[in-house]
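[1] Next one to model:
(one chain, ligands or ions: 1)
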Amino acid sequence: MSETRRVHAPGRVNLIGEHTDYTGGLVFPMAIDRGTTFTYTATADSIELTSGDVAGRVNIGVPFTGSAANVNPEWGTYVAAMAAELGVTTGLRGHLVSNIPAGAGLSSSAALECAVGLALGFDGTPLELAQAAQRAEHAATGVPTGIMDQLSIAAGVAGHATLIDCHSLEVTPHLIPDDIDIVVKFIVHRRLVGSAYADRVAECARAEADIGPLRLASPDDIVRVTDPIAQRRARHVVAENLRVIQFATELAAGNYVAAGQIMVDGHASLRDDFDTSTDEMDAAVSALNALPGVFGTRMTGGGFGGCIVAICEPGSVADGWVVKPSAGAHHIA
Ligand code: GLA
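    Model (predicted):
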């Protein structure tokens, strides 16, 4: 009988650097102490999975050659897409439990892809795992997402956030100080499928057609973007890339007021220039910013709902999750 094994993949929260990854910009996410844990045994010719959180049973043959997007239940689409991406010829039977809500902007799907990839025997580098998982995400959803979620989950480092250059794909761990809390608060479910996410990707490409790669552009270049909407999108991306560097610097120097203000500015830019916030998210961000001890709050993730994230003095926010910087996806001994 084959051995029972376990893998764990964390969720992630992005501290700053939103909607910059798909133009090769900078992001500053952190793998968190919430995630997906998957217990399984290897089997011969199928993948059979149940979940402690969502109904249904995934049952697909391997090698998987069908259309991942048509697999039911819906969470099985990610499993099938990852199996197809890796071209696996042997299967597994397993059960997964997760404490990352789906549709919250904390990358539950990327965690599932990375956990399934490791369970199916993937043995490349974290970057290669992330790239396979990103391709699986595209196949499963049709949404042209960037590499941030999968790479922050595959390459997470305990105690650290990761500054990722999404062009060079270099990952640089940055220590998270232990005299602040990072608080995540779940506001409302959102879906990126059918959202304006793909429109934002296209709008950024339009801006790049005028001024070249946004990752290389300076604030002075923005006026040369002819379409007014694409110009606002470009203004967000160019400023947000700078904010990532500034945030990492202020955090390392212990300048939490300045770091918090950068998060507040980042949220305003998502709201005013990138149009990915909502009234509900804006109100939640303002409410948290008004609390004593909170240095700064912003919406995190793809937008249109999901979670907000704040940095604050320890214990300042009672009704959120204090999340800890955690290791990336791994087998549990
Ligand atoms: C989603 C995508 C990421 C990234 C963020 C926005 O989470 O999956 O690639 O684009 O939105 O920063």
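[2] how about the CA coordinates for the strand ranked longest in the chain, as PDB?
    Ranked by residue count and defined by DSSP state E, the top strand of the chain is strand 29-43. Provided in PDB are the C-alpha atoms of strand 29-43 (Å, rounded to 0.1, in the frame of the first residue of the first chain):
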ATOM      1  CA  PRO A  29       3.400  40.000  -1.300                       C
ATOM      2  CA  MET A  30       3.800  37.700   1.700                       C
ATOM      3  CA  ALA A  31       2.800  34.100   2.100                       C
ATOM      4  CA  ILE A  32       0.600  33.800   5.200                       C
ATOM      5  CA  ASP A  33      -0.200  31.300   8.000                       C
ATOM      6  CA  ARG A  34      -3.500  30.400   6.300                       C
ATOM      7  CA  GLY A  35      -3.500  27.900   3.500                       C
ATOM      8  CA  THR A  36      -4.500  24.600   2.000                       C
ATOM      9  CA  THR A  37      -3.300  21.300   3.400                       C
ATOM     10  CA  PHE A  38      -3.700  18.200   1.300                       C
ATOM     11  CA  THR A  39      -3.400  14.600   2.600                       C
ATOM     12  CA  TYR A  40      -3.100  12.000  -0.200                       C
ATOM     13  CA  THR A  41      -1.800   8.600  -1.300                       C
ATOM     14  CA  ALA A  42      -0.500   7.900  -4.800                       C
ATOM     15  CA  THR A  43      -2.700   5.800  -7.100                       C
END
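[3] And the strands in this protein, which stretches?
    Using DSSP E, the strands of the chain run over residues 4-14, 26-27, 29-43, 46-51, 57-61, 91-98, 160-165, 170-175, 181-188, 294-300, 306-312, 321-322, 330-332.
[4] Save those strands as TSV, and put in mean neighbour count and distance to the ligand too.
    For the C-beta atoms, the positions are set from N, CA and C on the backbone; glycine is no exception. Output for the strands of the chain, formatted as TSV (neighbours: other CB atoms under 10 Å; distance: least, CB to the nearest ligand atom, whole Å):
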stretch	mean neighbour count	distance to the ligand
strand 4-14	25	6
strand 26-27	26	7
strand 29-43	22	9
strand 46-51	20	21
strand 57-61	17	22
strand 91-98	20	17
strand 160-165	23	11
strand 170-175	15	15
strand 181-188	20	14
strand 294-300	26	8
strand 306-312	26	9
strand 321-322	17	18
strand 330-332	13	21
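[5] can you tell which of those strands is closest to L242?
    With respect to L242, and counting by CB to CB, the nearest of the strands of the chain is strand 26-27 at 8.7 Å.
[6] chain center to that closest one: distance?
    For strand 26-27, the gap between its own C-alpha mean and the chain's C-alpha mean amounts to 12 Å (CA atoms, centre = their mean, to the nearest Å).
[7] List the residues that contact the closest residue to T226 other than its chain neighbours.
    Using CB to CB, 6 or more residues apart in numbering and skipping the chain neighbours, the partner closest in space to T226 is D210 (5.8 Å). Contacts here follow CB atoms under 8 Å, 6 or more residues apart in numbering; on that basis D210 touches 224-227, 230.
[8] repeat that with 7 Å
    When contacts are counted by CB atoms under 7 Å, 6 or more residues apart in numbering, D210 touches 224-226.
[9] What about these, which one has the most neighbours?
    Within the contacts of D210, neighbour counts (other CB atoms under 10 Å) peak at V225, which reaches 23 neighbours.
[10] A205 is in contact with that residue, correct?
    No. Look at V225 against A205 with CB atoms under 7 Å: they stay out of range, at 11.5 Å.
[11] So for these two, which residues contact both of them?
    In contact with both V225 and A205: no residue, using CB under 7 Å, 6+ apart.
[12] Show the contacting residues for G156.
    10, 31, 162, 326-328.
[13] Just put these in a markdown table and tack on pLDDT.
    As requested, these are exported to a markdown table (pLDDT from 0 to 100):
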| residue | pLDDT |
| --- | --- |
| P10 | 98 |
| A31 | 98 |
| T162 | 98 |
| S326 | 98 |
| A327 | 98 |
| G328 | 98 |
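[14] Could you export the residues you listed as a markdown table, including distance to R243?
    Listed next are the contacts of G156 as a markdown table, based on distance: CB to CB, whole Å:
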| residue | distance to R243 |
| --- | --- |
| P10 | 24 |
| A31 | 21 |
| T162 | 16 |
| S326 | 24 |
| A327 | 26 |
| G328 | 24 |
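[15] On the pLDDT front, check the residue sitting nearest the centre point of the chain for me.
    Compute the mean C-alpha point of the chain, and by CA atoms, centre = their mean the closest residue is D149, 3.2 Å away. pLDDT recorded at D149 is 98.
[16] wait, it sits on S107?
    Yes. Taking contacts as CB under 7 Å, D149 lies within contact range of S107: 4.0 Å.
[17] Between the two, which contacts overlap?
    With CB under 7 Å, 6+ apart as the test, D149 and S107 both reach R12.
[18] residues from the protein in reach of the ligand?
    14, 18-19, 21-22, 145-146, 148-149, 301-302 (CB under 6 Å from any ligand atom).
[19] Verify the contact between R232 and R271 for me.
    No. R232 is beyond contact range of R271, at 11.2 Å (criterion: CB under 7 Å).
[20] which residues touch L251?
    174, 177, 259.
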